[in-house]
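Enquirer: sequence? don't have it. structure:
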């Protein structure tokens, strides 16, 4: 049971980290395209 709760919290942190990484990546890509033109 304890591992289940721990897995949930780690999964939440991982999802948040991946989302932040994707957000920063898309912003950087959009920024580079915007500044190129």
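Expert: Structure's in. What do you need? Worth saying up front: this structure is predicted, and the values here are computed from it rather than measured.

Enquirer: Now residue 19: which helix or strand?
Expert: Residue 19 is part of helix 2-36, with elements assigned from DSSP states H and E.

Enquirer: what's that helix packed up against?
Expert: Packed against helix 2-36 by the contact rule (3 or more CB pairs under 8 Å, 6 or more residues apart in numbering; DSSP states H and E) you find no helix or strand. Any C-beta I mention is one placed from the backbone N, CA and C, and that applies to glycine too.

Enquirer: model confidence over that helix, on average?
Expert: Averaging pLDDT along helix 2-36 yields 82.

Enquirer: From the chain's centroid, how far away is that helix?
Expert: 0 Å (CA atoms, centre = their mean, to the nearest Å).

Enquirer: buried stuff in it?
Expert: Of the residues in helix 2-36, none is buried under the neighbour-count criterion (16 or more other CB atoms under 10 Å).

Enquirer: so who does residue 26 touch?
Expert: With CB atoms under 8 Å, 6 or more residues apart in numbering as the criterion, no residue contacts residue 26.

Enquirer: Any figure for the gap between it and residue 19?
Expert: Using CB to CB, to the nearest Å, one obtains 11 Å as the distance from residue 26 to residue 19.

Enquirer: One more: residue 12?
Expert: In this view, residue 12 and residue 19 are 11 Å apart by CB to CB.
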